[in-house]
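**Q** Sequence and computational prediction follow.
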Amino acid sequence: MKFRLVDRIVEWQPRRSISGVKAVSFEEYSLRSPWGGEASLPESLLMEALFQLGNWLIVLSSDFTQMGLLVRVEEVAFHDPLRPGQRLKMDVDVTRYRPDGIVFNGLATVNGRPIASGKGCLATPVDLADFHNSADLKVLFTEIYATD
């Protein structure tokens with residue numbers, strides 16, 4: 001996960017669900033609007049944050065041996081822009097967890113207000129070692145998992 005968009009993992013249940021947070025800094029370069037409009041996190045990065053959170057669930061559920069490659073997304077909706085200074089709460093729930101594919105639904109909110117959602121996100125599990133160093137991800141997990 002080179003472009004890190006999950007700042008905190010709040011809780012997770014293996015093969016079932018995961019919740020996390022993305023805090024939108026005023027300094028993020030991706031917030032600049034090329035057309036002079038109000039700054040917001042691009043929708044592609046907003047969805048990437050939800051995908052990354054879902055991928056964390058696969059990594060954690062497999063004890064750092066697998067990750068997921070996104071294969072399909074059935075439905076995506078953007079409800080409001082994500083502005084600098086806002087704290088995005090993300091929830092990802094599994095609807096199917098099988099060796100040949102994991103299907104997720106995700107919801108991103110700010111203060112309970114929906115910002116984005118995705119349904120039917122299918123990820124194919126692959127060997128984590130082919131893409132990442134598991135020891136590095138274990139260290140990162142200890143830094144972003146809220147245990148209190």
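**A** Structure received.
**Q** Going by contacts, tell me the helices and strands next to the longest helix that the chain contains.
**A** Counting residues, the longest helix in the chain under DSSP state H turns out to be helix 43-61. Secondary-structure packing of helix 43-61 (3 or more CB pairs under 8 Å, 6 or more residues apart in numbering; DSSP states H and E): strand 8-13, strand 17-23, strand 66-72, strand 75-78, strand 87-98, strand 101-110, strand 113-127, helix 134-144. From N, CA and C alone the C-beta is placed, and that goes for glycine too.
**Q** The ones you listed: which one's closest to Leu50?
**A** Taking CB to CB, strand 101-110 is the member of the helices and strands packed on helix 43-61 nearest to Leu50, at 4.0 Å.
**Q** that older thread, to Asn55, which of the helices and strands packed on helix 43-61 lies closest?
**A** Nearest to Asn55 among the helices and strands packed on helix 43-61 is strand 66-72; the distance by CB to CB comes to 5.2 Å.
**Q** list the helices and strands the closest one packs on?
**A** helix 43-61, strand 113-127.
**Q** Now with 10 Å, please.
**A** Helices and strands touching strand 66-72, by 3 or more CB pairs under 10 Å, 6 or more residues apart in numbering; DSSP states H and E, are helix 43-61, strand 101-110, strand 113-127.
**Q** tilt between the first one and strand 66-72?
**A** Yep, that's helix 43-61 we're talking about. Interaxial angle of helix 43-61 relative to strand 66-72 (axes from the mean of the first three to the mean of the last three CA atoms, to 10 degrees): 140 degrees.
**Q** can you check the shortest one too?
**A** Computed by the same axes, to 10 degrees, the angle separating strand 101-110 from strand 66-72 equals 80 degrees.
**Q** Grab the CA positions of strand 101-110 and hand them over as PDB.
**A** What follows is strand 101-110, C-alpha atoms only, in PDB (Å, rounded to 0.1, in the frame of the first residue of the first chain):
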ATOM      1  CA  GLY A 101     -13.200 -14.100  -4.200                       C
ATOM      2  CA  ILE A 102     -14.300 -11.700  -1.500                       C
ATOM      3  CA  VAL A 103     -17.200  -9.400  -2.000                       C
ATOM      4  CA  PHE A 104     -17.400  -6.100   0.000                       C
ATOM      5  CA  ASN A 105     -19.800  -3.200   0.500                       C
ATOM      6  CA  GLY A 106     -18.300   0.100   1.900                       C
ATOM      7  CA  LEU A 107     -19.600   3.300   3.300                       C
ATOM      8  CA  ALA A 108     -17.700   6.500   4.000                       C
ATOM      9  CA  THR A 109     -19.300   9.200   6.200                       C
ATOM     10  CA  VAL A 110     -18.400  12.500   7.900                       C
END
